[in-house]
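Enquirer: A predicted structure for the sequence below; I have some questions about it.
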Amino acid sequence: MCWGCFSSKTDFSTLPAISLNRSLLFPSAGPILCSGHLRMFKTLKTKYFTLCGEAPGYPACLEYYDSKQKFLNKETPKYRIFLHNCFSINKYSDTRQKYCIALNMMDDCFCFVLKNEKELEDWLNSMLLLQNGEPHSTYEHVWQVNIQKKELGSNIHGPYRLCLTNEAVTFVKLGAKYKSEFINVPLQFIKRCGFRGRVFYMEMGRMAITGAGDFWMETKETNMAFNMCVNIMNFMTNLNCRKEKIEFQQRMRNSSKDENPYSNTHSTFFGYKTKASYLSLLDFSEDRNYN
């Protein structure tokens, strides 16, 4: 289909997230919001990237060229991703690279490397504003895992993205077509988590939509399993802190003026309670049976 046939009412969600067929690509019509030489995550090769804003009939997109000269010559971009077809755009880092941005699509993930924190924030905020109108990622962290076919994994197994917010974890099956297929588990329904080597596990409580039991997930490296464990536990700790603080404030408001407001407020020092809970939940034990 010729791009010139699209109108401002075209449903861009039906377009492929990544277009590699040169005959389907078209000259960018939107304004260039960011541009510069950046590196590919996997190969570390330098490419010329451009972030294009929306224009009538043209969705916002990220694209790259083999060189800046090819961009100036208005040649076909080597690669293009439509931002509205990404379910999450967020920071990403591992042992090799610190300043990366990941564009997560239903069936793929594209990462590129930036030079420093400021450049990362500039590109990320610009993409998020184009995607959802505000500089906030849908998910704070997204990890690709392979859920093993055991225990709770008997029904939910294979390649998934594990997505984390400050309220919940979400399982997104690789290749899912609709957001209704996402499985959302509030953090308060997770009993504990841990890891051993490249294997990460989470124990669900009986109130979770999955039922009680363990999920076992294989990651690509031990450092990823460790980061998953630490970040999820930190978010669980912060959630407990917020809840205990709210409960304490409600008790203070409900206390009568004649009562001693500090007579029975063990949650005043909620940090100590939370720290103890954190240590009891975080599990690095060697005797955990994951075979």
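Expert: Nice, I can see it.
Enquirer: quick one, phi psi at the closest residue to G175 other than its chain neighbours?
Expert: Leaving aside its sequence neighbours, G175 sits nearest to D107 (Cβ to Cβ, 6 or more residues apart in numbering; 4.6 Å). C-beta: built from backbone N, CA, C; applies to glycine. Per-residue torsions, D107: phi -120, psi 10 (degrees, to the nearest 10).
Enquirer: Is D107 in contact with R161, as I believe?
Expert: No. Using Cβ atoms under 8 Å, D107 is not in contact with R161; the gap is 10.7 Å.
Enquirer: what's around M224, how many residues?
Expert: 19 (other Cβ atoms under 10 Å).
Enquirer: Contact partners for it?
Expert: D94, W143, R198, F200 (Cβ atoms under 8 Å, 6 or more residues apart in numbering).
Enquirer: So which of these wins on neighbours?
Expert: Of these, with other Cβ under 10 Å as the count, F200 tops at 26 neighbours.
Enquirer: quick one: it and G211, what's the gap?
Expert: Separation of F200 from G211 (Cβ to Cβ, to the nearest Å) stands at 19 Å.
Enquirer: just to revisit the earlier point, which ones among the contacts of M224 map onto strands?
Expert: When these are checked against strands (DSSP state E), the matches are W143, F200.
Enquirer: Single out whichever of the contacts of M224 has the smallest pLDDT.
Expert: Within the contacts of M224, pLDDT reaches its minimum at D94, with 75.
Enquirer: and it, what does it touch?
Expert: C100, E221, N223, M224.
Enquirer: what's the pLDDT at the second one?
Expert: With respect to pLDDT, E221 has a value of 89.
Enquirer: let's number from 31 now, not from 1
Expert: Got it, the first residue is 31 from now on, which makes the last one we talked about E251.
Enquirer: any idea how far F230 is from it?
Expert: From E251 to F230 the distance is 11 Å (Cβ to Cβ).
Enquirer: just how off-centre is stretch 126-136 within its chain?
Expert: 9 Å (Cα atoms, centre = their mean, to the nearest Å).
Enquirer: hang on, V143 packs against H67?
Expert: No. Judged on Cβ under 8 Å, V143 makes no contact with H67 at a distance of 10.9 Å.
Enquirer: and those two? which has more neighbours close in?
Expert: More neighbours surround V143 than the other of V143 and H67, with 20 against 12 (other Cβ under 10 Å).
Enquirer: Nearest spatial neighbour of that one, chain-adjacent residues omitted?
Expert: Spatial nearest neighbour of V143, chain neighbours left out: R69 (4.2 Å); criterion: Cβ to Cβ, 6+ apart.
Enquirer: Please name the bridge partners of the one you found.
Expert: Beta bridges link R69 to T76, V143, judged by DSSP bridges.
Enquirer: Verify the assumption that N214 is located in a strand.
Expert: Yes. Counting by DSSP: H, G, I helix; E, B strand; the rest coil, N214 is located in a strand.
Enquirer: what does the model give it for pLDDT?
Expert: Per-residue pLDDT puts N214 at 94.
Enquirer: Which residues are in contact with it?
Expert: N214 sits next to A198, V199, T200, I239 when contact means Cβ under 8 Å, 6+ apart.
Enquirer: looking just at contacts, which helices and strands does the host helix or strand of the second one meet?
Expert: Put plainly, it is V199. In this assignment (DSSP states H and E), V199 forms part of strand 198-203. With contacts taken as 3 or more Cβ pairs under 8 Å, 6 or more residues apart in numbering; DSSP states H and E, strand 198-203 sits against strand 188-194, strand 213-216.
Enquirer: strands paired with the last one, and their directions?
Expert: Partner strands and pairing direction for strand 213-216 (DSSP bridges) are strand 198-203 (antiparallel).
Enquirer: How far off centre is the partner strand?
Expert: Centre-to-centre, strand 198-203 and its host chain are 10 Å apart (Cα atoms, centre = their mean).
Enquirer: quick one, that strand and strand 188-194 angle?
Expert: 150 degrees (axes from the mean of the first three to the mean of the last three Cα atoms, to 10 degrees).
Enquirer: Buried residues, strand 198-203. List them.
Expert: Judged by neighbour count (16 or more other Cβ atoms under 10 Å), strand 198-203 contains these buried residues: A198, V199, T200, F201, V202, K203.
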